[in-house]
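S.K.: predicted model, plus sequence, below.
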Amino acid sequence: MRTLLDHAAALNIRIEYAPLVNQECAYGLYLPNFRTILLDNQLPPELHDFALAHELGHAFYDHQYSTARAERKADKYALQLLISAEDYAAAEQEADGNKYGIAALLRVPPSAVAAYQETLSNQPLERKPT
C-alpha cells in the first residue's frame with residue numbers, strides 16, 4: 001500500500017504544519033483553492049495518520065465546504081486508506097465491541113469507528129454458494 005505522503009503527491013496535494021486554534025478544525029484543514037492540507041503542529045502523534053487521511057478524503061472528493069455529510073465521507077475515505085477489514089475485526093474482538101476501545105486500538109477517533117461500522121452495515125451480505 002502506498003504511504004499517505006505518496007497518496008498526497010498522487011493527488012497533487014501539499015502538506016503543511018501550523019498551529020490551528022479554531023476548534024472546528026482541531027486536527028487539520030483542507031484548503032481547496034491552494035490544494036493544501038494544513039495539519040496542526042501540536043497534533044498528538046497517535047492521531048496524525050487519521051487526520052492526514054481524513055483531509056486527503058476532502059481533497060479526493062474536492063470538498064469546498066465542511067458539512068456533516070462531507071465530514072462523514074472524509075472519515076470513511078480515511079478508514080479505507082488506513083484500516084483493513086482484518087485489522088478492524090481484530091480490534092473489535094480485542095475491545096469486545098466497545099467503540100472507544102476499538103478507536104484506541106486503531107488510533108482513530110470514536111466517530112471514525114462509527115463511520116466504519118456504518119460502512120460495514122451498508123455492504124450487502126455475501127451469499128453462500130448453493
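M.R.: Done, it's in.

S.K.: could you use CA atoms for every contact and neighbour count after this?
M.R.: Will do.

S.K.: and the residue found closest to residue 11 once you drop the neighbours it is linked to in the chain, how many neighbours?
M.R.: Using C-alpha to C-alpha, 6 or more residues apart in numbering and skipping the chain neighbours, the partner closest in space to residue 11 is residue 60 (7.1 Å). The tally of other residues near residue 60 (other C-alpha atoms under 10 Å) stands at 15.

S.K.: quick check, residue 60 in a helix?
M.R.: Yes - assessed by DSSP: H, G, I helix; E, B strand; the rest coil, residue 60 belongs to a helix.

S.K.: surely it and residue 9 touch.
M.R.: No - Residue 60 is not in contact with residue 9 according to C-alpha atoms under 8 Å; the separation is 11.7 Å.

S.K.: roughly how far apart are the residue nearest to residue 11 and residue 52?
M.R.: 12 Å (C-alpha to C-alpha, to the nearest Å).

S.K.: equivalent analysis for residue 112, please.
M.R.: Distance of residue 112 to residue 52, given as C-alpha to C-alpha: 13 Å.

S.K.: now do residue 31
M.R.: Residue 31 is 13 Å from residue 52, by C-alpha to C-alpha.
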